[in-house]
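Engineer: Model the following, please.
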Amino acid sequence: MEYKFTGALNFDDFVQAQRVALKSVFFTRKIIINFCLILFIFTFYLKYFTKGISLRDTTTLVVIVGFAALLIVLLVMFNSKRIYRKSFETNKLIAEECEYTINEEQILVTSESGSSILNHGNIYKIVFDKDSIYLFMGTNTAKAIKKRFLRDEEEYDSLVTFIKNNYGDKIKGKKRT
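Structural biologist: Reported below is the predicted structural model:
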């Protein structure tokens with residue numbers, strides 16, 4: 001069996017793909033949480049390492065450091081769309097229309113700028129999202145297949161089943177049923 005279809009990503013697709021990629025990078029979120037926790041613990045126990053600082057000063061320091069950490073996290077969260085927009089607009093390859101040919105042995109992705117042949121050996125992982133399939137070639141490089149690229153939902157569901165059956169060893173994370 002072989003599937004052939006074409007499609008191009010828009011900005012919202014790109015943002016969704018970036019969020020999926022960040023979710024799949026397990027330690028990124030854990031590092032931010034652990035950094036904030038260590039920072040909080042360090043400032044909380046600062047009173048034991050310094051002499052002459054009152055409890056009131058230490059509490060103020062903990063509040064200031066906690067607020068600063070929270071502010072940094074919020075700035076990164078709210079600025080991410082602006083960063084994604086700049087990346088999307090400057091890299092014309094992201095929005096290029098691609099033709100996909102998928103069979104048991106390989107996935108061929110062709111566009112104006114070139115082609116990629118993905119087989120079992122060079123697919124790092126496959127991640128399913130609510131309306132997308134992401135074919136990762138590395139930890140942060142992926143090709144996205146959107147549901148709208150196919151004729152209808154039935155064909156999309158058939159493709160999902162086909163990929164699970166033929167590339168199942170590469171599927172990571174929450175599997176779409």
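Engineer: what separates Leu71 from Tyr156, distance-wise?
Structural biologist: Per CB to CB, to the nearest Å, Leu71 is found 42 Å from Tyr156. No exception for glycine: its C-beta is placed from N, CA and C like everyone else's.
Engineer: Please say which of these two ends up with more neighbours.
Structural biologist: Tyr156 (21 against 10; other CB atoms under 10 Å).
Engineer: what are the ranges of the strands in the chain?
Structural biologist: Using DSSP state E, the strands found in the chain span residues 3-7, 98-102, 106-111, 114-119, 125-129, 132-136, 142-146.
Engineer: Let me see the residues that make contact with the last one.
Structural biologist: Contacts of strand 142-146 with the rest of the structure, by CB atoms under 8 Å, 6 or more residues apart in numbering, involve 7, 9, 13, 17, 21, 98, 100, 107, 109, 116, 118, 127, 131-137, 159.
Engineer: Tell me the gap between it and the middle of its chain.
Structural biologist: Once both centres are worked out by CA atoms, centre = their mean, to the nearest Å, strand 142-146 turns out to sit 11 Å from its chain's centre.
Engineer: quick one: average pLDDT of that strand?
Structural biologist: For strand 142-146, mean pLDDT is 93.
Engineer: Could you check how many residues crowd around the residue lying closest to Lys164 once chain neighbours are set aside?
Structural biologist: Spatial nearest neighbour of Lys164, excluding adjacent residues (CB to CB, 6 or more residues apart in numbering): Ile171 at 6.5 Å. A total of 17 residues lie near Ile171 under the criterion other CB under 10 Å.
Engineer: export the strands of the chain to a markdown table and tack on mean neighbour count and distance to Ile64?
Structural biologist: Output for the strands of the chain, formatted as a markdown table (neighbours: other CB atoms under 10 Å; distance: least, CB to CB, whole Å):
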| stretch | mean neighbour count | distance to Ile64 |
| --- | --- | --- |
| strand 3-7 | 15 | 49 |
| strand 98-102 | 19 | 49 |
| strand 106-111 | 17 | 50 |
| strand 114-119 | 13 | 49 |
| strand 125-129 | 20 | 39 |
| strand 132-136 | 22 | 40 |
| strand 142-146 | 22 | 40 |
